[in-house]
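Q: my questions concern the predicted model and sequence given below.
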Amino acid sequence: MLQQMRKAQGWMIKGVLWAVVLAFVVTIFYSWGVRSSSGPTRSEVATILGEPVGLQEFQRVQNALYQTYRGVFRNQPEVDLQERFNFREMALEQIARRHILQRLARQNNLTVTDAELYDHLAAIPAFQEQGRFSAVRYQTVLQNQVPPISPKQFEEEQRRALMLEKISTFIRAGVQVTAAELEQTYRVENEQVAVRYVALVPSLFTAQVQVSEEELTSYYDAHKDAYREPEQRQLRYIVISPQRFQSTADISQPDIARYYTNHQELFHREEQVRVRHILFKLAEDATPEQEAEIRSKAEHVLRMLRDGGDFAALAQQYSDDTATQEKGGDLGFFSRGHMVKPFEEAAFSLPIGEPSDLVRTAFGYHILRVEDKVAGEVKPLIEVQQEIVAKIREEKAREATITFVDDLMITLDEAPEQFTAVANQHELPVTTTPFVPLSGHIATAADAPELVQRAFALVDQAIGTVEGTDGTHYIFQVAEIRPPTIPEFAAVQERVASDLQRQKSAELARQTADEWVSKAQTGSRLQELADLLQVKVIETELFKRRDPVPQLGRSAAFSDVAFGLQTDEVGAAHDGSRHFVMQVVARQAADMTAYEAEQVAYREQLLNHKRQQVFMAFQSFLQTQYQQLRQGGEIVVNPQYVF
């Protein structure tokens, strides 16, 4: 949004940023520039500014990042996250940023009080029982994390998170919008142009491109690295599944009872309510008059209910919720966290059988009636006994698997040349993979996406292990390493020819666009030029800077050139492989009468944008600090961990 403002006000954004963080910068180099950092111990992943980063903290941050990205790419299961992202380096940078920001916060007297921390913890739904903070549930939830987290450790992390929020607020607080800036930005953003244009793409010129043998060899010699085949590795591995150790032996009643007592949170049944509702739908852009009309209708129905009207019948007659209208507004049972907040608060606070007052949500006005309630409780042992037996057997199988894998690893570390013999001794089939690059994957071990990455961290013939997503363990050996090579010209000649032709076609498209501009400026009509290549001349309606270009879509390069031309002027825009020759046919200044009505909303929009820009600039500043600390030796990584 506000594309032009990004450029025109770049100096202003930087000025605001440096005014806010000037003290930070000074204290960083004063306090850190003269440090000498000691290295990490064997049990630490790294030291940052001399402070240790423990393995448990590092793994927790790395796992959290992986889970976040897995959520982002949940609809793209084909994306190999471990291949695309270096989660180790990302985790190290995130922890380093915390250290940097903590130091900055102390130097600027920013603190998080105990009361602020408690209020934050008490508001986390996972720690609540019936809507209130429960110390017992708090302890239980933390204990059941993998790995477990102590309350002290968790509270330190939450205190750091709250501190980051305070720093964010501090950074944004100094951002202002002047009246002159607001008006000028509005004029720029709401000016409109109409253009006629042609699009020139490389494929239009492919037939004109000829490449000689000499050009091909010269191109190959200049771009050999582009054809380099990366290092590849061949692995052999064995698979140890927990099912190998699955037992059908009876589990004693004391063990079942102990598991039940220690894992109450697994068997907790949440409080639920069954609700009917009548929805009076309200459009997001409804005027005050329209909202008053809808509210009046809702109040009329509410009076009928309080006079004894049948809720289900009135829901069928008046509700705008088509999904529940025929069912008399019945939503069935639901627990907390499944409805929008105002609706949920009303549903869980109402007594059974009484209609609510009007409840306003983003959807409109609701009238609710609670039909039934189920209290939150721990399921009785008799109900979950078979589930517990299955869980205990799974745990025992996992523990036996880990013990077996550890014993095998000890044996193989001492005699890696006996890999196949040891596998045969335990009747474990050995799988030998094709050669794979670091970016590759092994189809027969799809549930162990880290396998290849782990293998590339080892030397030839070394032994490693990785756990799959389903608890299966893989013990593998680097069987052979094939170093990176540059193939001979003959092996890649077709690729070279295709690449060179593509490059020359793109150059010709760009050159032609610039030539057409010169010809148009000396009298040639755009239509005449377009006819030479049989390309279409497109004429647009008026559009604004931030609008998609009609019949083209969004192109910042196109819009920048279009709004820089005067009426009848011709120019060229280059957007990647697309090249445009355009002529402005009309310009229209911003409607400043509309500005008066939109001024308040537009000021808020511009202010939010500036705050976002400043915060993004500060994030860039933090990244630069991280890189400087990394390069300057203030972040020391334990050499036994590969980044």
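A: Arrived safely, thanks for sending. Numbers count the residues shown, from 1 in each chain.

Q: CA only for contacts and neighbour counts going forward, please
A: Fine.

Q: other SSEs contacting the longest helix seen in the chain?
A: Of all the elements of type helix in the chain, the one with the most residues (DSSP state H) is helix 592-631. Applying 3 or more C-alpha pairs under 8 Å, 6 or more residues apart in numbering; DSSP states H and E, one finds that helix 592-631 makes contact with helix 10-32, helix 87-107, helix 151-173, helix 179-190.

Q: highest mean neighbour count out of these?
A: Across the helices and strands packed on helix 592-631, the average number of neighbours (mean count of other C-alpha atoms under 10 Å) peaks for helix 87-107, which reaches a mean of 18.

Q: on contacts alone, who are the packing partners of that one?
A: helix 10-32, helix 55-72, helix 151-173, helix 592-631.

Q: how far away is Ala126 from Ser134?
A: 9 Å (C-alpha to C-alpha, to the nearest Å).

Q: want to throw the helices and strands packed on helix 592-631 into a markdown table with mean pLDDT?
A: Formatted as a markdown table, the helices and strands packed on helix 592-631 follow (pLDDT from 0 to 100):
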| stretch | mean pLDDT |
| --- | --- |
| helix 10-32 | 37 |
| helix 87-107 | 86 |
| helix 151-173 | 83 |
| helix 179-190 | 90 |
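
Q: I'd like those helices as a markdown table, with distance to Gln625 appended.
A: What follows is the helices and strands packed on helix 592-631, written out as a markdown table (distance: least, C-alpha to C-alpha, whole Å):
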| stretch | distance to Gln625 |
| --- | --- |
| helix 10-32 | 9 |
| helix 87-107 | 8 |
| helix 151-173 | 16 |
| helix 179-190 | 32 |
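
Q: need the phi and psi values for Ile240.
A: phi -120, psi 110 (degrees, to the nearest 10).

Q: Val636 too?
A: Torsion angles, degrees, to the nearest 10, at Val636: phi -110, psi 120.

Q: you'd agree Met339 is in a helix?
A: No: with DSSP: H, G, I helix; E, B strand; the rest coil as the criterion, Met339 is assigned coil and is not in a helix.

Q: residue contacts, it?
A: Contacts for Met339 (C-alpha atoms under 8 Å, 6 or more residues apart in numbering) come out as none.

Q: so for it, what pLDDT did the model give?
A: As predicted, Met339 sits at a pLDDT of 92.

Q: so the longest helix of the chain versus helix 87-107, what angle?
A: 100 degrees (axes from the mean of the first three to the mean of the last three C-alpha atoms, to 10 degrees).

Q: might you quantify the distance of helix 592-631 from its chain's geometric centre?
A: 20 Å (C-alpha atoms, centre = their mean, to the nearest Å).

Q: same question, stretch 276-294
A: 35 Å.

Q: what do you get for stretch 170-189?
A: Computed by C-alpha atoms, centre = their mean, the chain-centroid distance of stretch 170-189 equals 29 Å.

Q: kindly export that stretch (C-alpha atoms) in CSV.
A: Once non-C-alpha atoms are left out, stretch 170-189 reads as follows in CSV (Å, rounded to 0.1, in the frame of the first residue of the first chain):
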residue,chain,number,x,y,z
PHE,A,170,8.4,2.5,22.3
ILE,A,171,9.6,2.4,18.8
ARG,A,172,6.2,3.2,17.3
ALA,A,173,5.4,5.9,19.8
GLY,A,174,7.4,8.7,18.1
VAL,A,175,5.7,8.3,14.7
GLN,A,176,3.5,11.3,13.7
VAL,A,177,1.7,12.5,10.6
THR,A,178,1.7,16.2,9.8
ALA,A,179,-1.2,17.9,8.0
ALA,A,180,0.9,18.9,5.0
GLU,A,181,2.3,15.3,4.7
LEU,A,182,-1.2,13.9,5.0
GLU,A,183,-2.6,16.1,2.2
GLN,A,184,0.4,15.6,-0.1
THR,A,185,0.2,11.8,0.3
TYR,A,186,-3.6,11.9,-0.4
ARG,A,187,-3.0,13.9,-3.6
VAL,A,188,-0.3,11.5,-4.8
GLU,A,189,-2.2,8.4,-4.0
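
Q: to Phe456, which of the helices and strands packed on helix 592-631 lies closest?
A: Across the helices and strands packed on helix 592-631, Phe456 has its closest neighbour in helix 87-107 (14.6 Å, C-alpha to C-alpha).

Q: now the strands for the stretch 151-300 of the chain?
A: 192-200, 232-240, 268-269, 272-281 (DSSP state E, counting those that start in this stretch).

Q: so what does the last one touch, helix or strand wise?
A: If I follow you right, that is strand 272-281. By 3+ C-alpha pairs under 8 Å, 6+ apart, strand 272-281 packs against helix 288-306, helix 311-318, strand 330-335, helix 341-349, strand 364-374.

Q: rerun that using 10 Å as the cut-off
A: The contact analysis (3 or more C-alpha pairs under 10 Å, 6 or more residues apart in numbering; DSSP states H and E) places strand 272-281 against helix 288-306, helix 311-318, strand 330-335, helix 341-349, strand 359-361, strand 364-374.

Q: try the shortest one
A: Counting contacts by 3+ C-alpha pairs under 10 Å, 6+ apart, strand 268-269 packs against strand 377-378.

Q: what's the following helix or strand after the strand it packs on?
A: helix 381-414 (DSSP states H and E).

Q: only alpha carbons, please: show stretch 534-543 as CSV.
A: Below are the C-alpha coordinates for stretch 534-543, written out as CSV (Å, rounded to 0.1, in the frame of the first residue of the first chain):
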residue,chain,number,x,y,z
GLN,A,534,1.5,-8.2,-34.3
VAL,A,535,1.0,-7.3,-30.6
LYS,A,536,-2.1,-5.7,-29.2
VAL,A,537,-2.3,-2.1,-28.0
ILE,A,538,-4.2,-2.0,-24.8
GLU,A,539,-6.1,1.1,-23.6
THR,A,540,-6.9,1.4,-19.9
GLU,A,541,-9.5,3.4,-18.0
LEU,A,542,-8.3,5.8,-15.3
PHE,A,543,-6.5,4.1,-12.4
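
Q: what is the end-to-end distance of stretch 114-129?
A: 22 Å.

Q: that stretch: how far from the chain's middle?
A: 25 Å.

Q: touching that stretch from outside, list them.
A: The contact list for stretch 114-129, computed with C-alpha atoms under 10 Å, 6 or more residues apart in numbering, reads 131-142, 155-156, 158-162, 270-271, 336-337, 376-377.

Q: still on that earlier bit, between helix 151-173 and the longest helix of the chain, find me the angle.
A: Using the same axes, to 10 degrees, helix 592-631 lies at 130 degrees relative to helix 151-173.

Q: check which residues of helix 592-631 are buried.
A: Residues 595, 599, 602-603, 606-611, 613-615, 617-618, 622-623, 625-626, 629-630 are the ones in helix 592-631 that count as buried (16 or more other C-alpha atoms under 10 Å).
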